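Chemist: Sequence plus predicted model, see below.
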There are 2 protein chains.
Amino acid sequence: MRTCPDTAVSPSGNRKASRAARTRERILQTSLDLFNTHGEAHVTTGHIADELNISPGNLYYHFRNKGEIIRHLFGAFEARVDAAPSLSGEDFADAGTSLENLWLYLHLMFEGIRDYRFLYRNLDDLLMRDTKLRMQFRRILDHKRSAVSALCQSLARGGAMRASAAEIALLADNVLLVATYWLNFDHLAANAFATHDAADNTDLGRGVYQVMALIAPYLTEGSREHLEHISRQYLGD
Amino acid sequence: MRTCPDTAVSPSGNRKASRAARTRERILQTSLDLFNTHGEAHVTTGHIADELNISPGNLYYHFRNKGEIIRHLFGAFEARVDAAPSLSGEDFADAGTSLENLWLYLHLMFEGIRDYRFLYRNLDDLLMRDTKLRMQFRRILDHKRSAVSALCQSLARGGAMRASAAEIALLADNVLLVATYWLNFDHLAANAFATHDAADNTDLGRGVYQVMALIAPYLTEGSREHLEHISRQYLGD
């Protein structure tokens, strides 16, 4: 049991507590940046402390080890991407809104993946090492699968999509798979692979477009045109 | 420059040369098994020598380091999966054969990925470390993209598929992406993830089915029925 002088209840104690919270936050942010830039495997707690100009002891006071930092970042990622999508609800006629909701949902998912991309590089390795993370990741996938299915069902109800329940189930899995691995695949296939730099908005747009290409053939004529319209606006060409 | 007494031209030299070739082959096979079972990152040349009951010196005589073993395995993988698919050629009417060729092509691709699955776990990490491997992998992807496009064009020419050139290009990328990451994704999403065991034929079948689900919506009515027929035979349900 570690004791923490920062938690004493006094004006100076409060200041210390808030300083501790800020240090903790800075450790998480710096770790995220370093992991994203260099790959998690190549960053030690020593590097993180160096970058922050704090002692390793100070870092260990906040996080017992690198694994604990990763688990916290994973929790932050989950909070970020686990939001439910907007559904058009009872407004069956509004297929356009459903399509735009789906696009927005995918865009936010890709943004989350980009900002925490160290998790997605070497995902298997990371999840093999930590049962809790594995359960957490599987939970995220389950929620996303439900969300994508619900969005497709909303499109089908609105008459914008023609797909059976079985087709929507296969489609939702492919949407998740492509979204999960798009950034990795894009880096493998492109010359940009040499760096771990952030994907820019064009890359994200291409990712969303690639996922929407899975959905497009199930859309009815008018909705497919609407999708092309949204795509052109979004990709700016 | 290493000199190799095994290459001397004499009857006993020939025996030695063939023994050296066998040792080399055994090193590659054992490395592949260990990498697949434990993950490449957790296997050292020491483990490989131990498993083969040979001295580390003997191993180093054949391969300078683990990276050289990996490059050889990658070459074997490339030779295995880089075969061009059968095309129905001028026989435009035979859409059934085109579909079966596509299925077979995907099945062989998935078998290759399964047998060399250590390459596909932590693919990014592996390719980040080695420029030559990266170029090689990109070449494999390019060939596969061309092959899948050619198969789709053959389906379209035969009247079995309705898809524009732009749609086929997006489709080919999604086929490659799903095929590349299917085993990883399946392991992430399923309980089987805890082990690195070989995917069995059911898993491969589900993988091929998942990829075919990308193609199905572009097929004309009759071909979609034919695909369902092949799927049932193949998956045995």
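Modeler: It's in. Quick caveat, the model's predicted, so the values are computed rather than measured. Residues are numbered from 1 along each chain as shown, chains lettered A, B, ... in the order given.
Chemist: only C-alpha atoms for contact and neighbour calcs from this point on.
Modeler: OK.
Chemist: can you give me phi and psi for the residue of chain A found nearest chain B?
Modeler: Across chain A, the shortest distance to chain B (CA to the nearest CA) belongs to A:N122, at 4.8 Å. The phi/psi pair for A:N122 (degrees, to the nearest 10) reads phi 50, psi 40.
Chemist: What is the burial count for it?
Modeler: Here the number of neighbours of A:N122 (other CA atoms under 10 Å in any protein chain shown) works out to 20.
Chemist: for A:G57, same thing?
Modeler: For A:G57, the count of nearby residues is 12 (other CA under 10 Å).
Chemist: May I have the helix or strand of chain A with the lowest mean pLDDT exported as CSV, CA atoms only?
Modeler: For chain A, scoring each helix and strand by mean pLDDT, DSSP states H and E identifies helix A:123-128 as the least confident one, at a mean of 82. Extracted in CSV, the C-alpha atoms of helix A:123-128 (Å, rounded to 0.1, in the frame of the first residue of the first chain):
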residue,chain,number,x,y,z
LEU,A,123,-2.6,-5.5,-31.8
ASP,A,124,-2.2,-9.2,-31.4
ASP,A,125,1.0,-9.0,-29.5
LEU,A,126,-0.5,-6.4,-27.1
LEU,A,127,-3.7,-8.3,-26.5
MET,A,128,-1.9,-11.7,-26.1
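Chemist: Which strands or helices does it pack on?
Modeler: If you count contacts as 3 or more CA pairs under 8 Å, 6 or more residues apart in numbering or on different chains; DSSP states H and E, helix A:123-128 packs onto helix A:131-157.
Chemist: Just the buried positions in the helix or strand following the helix it packs on, please.
Modeler: With elements assigned by DSSP states H and E, the helix or strand that comes after helix A:131-157 is helix A:165-189. Counting neighbours by 16 or more other CA atoms under 10 Å in any protein chain shown, one finds that the buried residues in helix A:165-189 are A:168-189.
Chemist: again, but for stretch A:229-236
Modeler: If you call a residue buried by 16+ other CA under 10 Å, then stretch A:229-236 has these buried ones: A:I230, A:S231, A:Y234.
Chemist: just stretch A:122-137 next, same as before
Modeler: Across stretch A:122-137, burial judged by 16+ other CA under 10 Å covers A:N122, A:L123, A:D124, A:L126, A:L127, A:M128, A:L133, A:R134, A:Q136, A:F137.
Chemist: Name the nearest residue to the second one, ignoring sequence neighbours.
Modeler: Computed as CA to CA, 6 or more residues apart in numbering or on different chains, the closest residue to A:L123 that is not its neighbour in sequence is B:N122, at 7.4 Å.
Chemist: what's the answer for A:R71, then?
Modeler: A:L133 (6.9 Å).
Chemist: Repeat that for A:P217.
Modeler: B:P217 is the one closest to A:P217 (CA to CA, 6+ apart), at 6.0 Å.
Chemist: got the contact list for the one you found?
Modeler: Applying CA atoms under 8 Å, 6 or more residues apart in numbering or on different chains, we find B:P217 in contact with A:P217, A:Y218, B:R224.
Chemist: In helices only, show me those.
Modeler: Among the contacts of B:P217, the members found in helices (DSSP state H) are B:R224.
Chemist: and which of the contacts of B:P217 is nearest B:L73?
Modeler: B:R224 (38.0 Å; CA to CA).
Chemist: quick one, domains of chain A?
Modeler: Using automatic domain parsing, the domain parsing of chain A gives A:5-64, A:71-235.
Chemist: any weak-confidence spans in chain A?
Modeler: For chain A, applying pLDDT under 70 flags the ranges A:1-9, A:84, A:86-93, A:191-202, A:237.
Chemist: How about the residues of chain A by chain B?
Modeler: Within chain A, the positions lying close to chain B (CA under 8 Å from any CA of the partner chain) are A:121-125, A:128, A:134, A:138, A:141, A:167, A:170-171, A:174, A:177-178, A:181-182, A:184-185, A:188-189, A:193-194, A:210, A:213-214, A:217-218.
Chemist: cutoff 7 Å now
Modeler: Selection of chain A residues close to chain B by CA under 7 Å from any CA of the partner chain yields A:121-122, A:124-125, A:128, A:138, A:170, A:177-178, A:185, A:188-189, A:194, A:210, A:213-214, A:217-218.
Chemist: if we can go back for a sec, I figured the residue of chain A closest to chain B was touching B:N122, is that so?
Modeler: Yes. The pair A:N122 / B:N122 is scored as a contact, 4.8 Å apart, by CA atoms under 7 Å.
Chemist: re the thing from before, mind listing which of the buried residues of stretch A:229-236 are in helices?
Modeler: A:I230, A:S231, A:Y234.
Chemist: nearest residue to the last one other than its sequence neighbours?
Modeler: The shortest distance from A:Y234 to any residue other than its chain neighbours is 7.0 Å, reached at A:G205 (CA to CA, 6+ apart).
Chemist: How about A:Q153?
Modeler: A:Q153 sits nearest to A:I168 (CA to CA, 6+ apart), 7.8 Å away.
Chemist: thought the one you found was touching A:L151?
Modeler: No. Using CA under 7 Å, A:I168 is not in contact with A:L151; the gap is 10.0 Å.
Chemist: what sits in contact with each of these two?
Modeler: In terms of CA atoms under 7 Å, 6 or more residues apart in numbering or on different chains, A:I168 and A:L151 are not both contacted by any residue.
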